[in-house]
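Engineer: Give me a 3D structure for the following:
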Amino acid sequence: MEIIDLRPHHLLDIVRRFQPDDDPDYVRAPGENGVRTVVRMVSGGIDFPARFIIGPDFICAPCSHLQPGGRCDRILEAHDPPQPIDDYNDPLDARVLDYLRLEPGVEMTVRRFLEVVNGRPPGADRRDDRPGGQGDRRVRRREGAG
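Structural biologist: Have a look, this model is predicted:
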């Protein structure tokens, strides 16, 4: 299977919201994003390869809101002040990747990405990773273990 580009938050949203009874025969309308395509892919198994990126991905590609140059024209009107969706999503995906200690553009199966997600306990981003800090000691202890 060919590798697909995914925004980390897109995959996390799909996993969080996926309903097994979603219509398997749904056909994407012209100009609609590709989220249902990825939902079907995930429901068929999570061992397909993905590149986790910051920017437009496989889900964004077919969407009529994606403009030449790769920017989405959607505005988050509920924000005060309203902001372009990319100005919200790009930093969000950067924070997700940073939290997971992954570099933008990392390639792995969806299964491996979810293993990494499940291996990062809540609050792990607040650890003290300075030399000698609590997080630093935990890492050394784990590395030194059998």
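Engineer: which stretches of this structure have low pLDDT?
Structural biologist: Residue ranges of the chain with pLDDT under 70: 19-31, 121-146.
Engineer: quick one: the helices in it?
Structural biologist: Remark: helices assigned in the chain by DSSP state H are 8-17, 35-43, 85-99, 110-118, 134-144.
Engineer: Make TSV out of those helices and add mean neighbour count and distance to R51.
Structural biologist: Placement of C-beta: from N, CA and C, glycine included. Formatted as TSV, those follow (neighbours: other Cβ atoms under 10 Å; distance: least, Cβ to Cβ, whole Å):
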stretch	mean neighbour count	distance to R51
helix 8-17	17	11
helix 35-43	17	13
helix 85-99	16	12
helix 110-118	15	10
helix 134-144	11	27
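Engineer: possible to save these as CSV with distance to P49?
Structural biologist: Formatted as CSV, the entries for the helices of the chain read as follows, by distance: least, Cβ to Cβ, whole Å:
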stretch, distance to P49
helix 8-17, 13
helix 35-43, 11
helix 85-99, 17
helix 110-118, 8
helix 134-144, 28
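Engineer: Tell me which of those helices approaches G55 most closely.
Structural biologist: helix 85-99 (6.9 Å; Cβ to Cβ).
Engineer: Does the closest one pack against any helices or strands, and if so which?
Structural biologist: With contacts defined as 3 or more Cβ pairs under 8 Å, 6 or more residues apart in numbering; DSSP states H and E, helix 85-99 has these neighbours: helix 8-17, strand 75-76.
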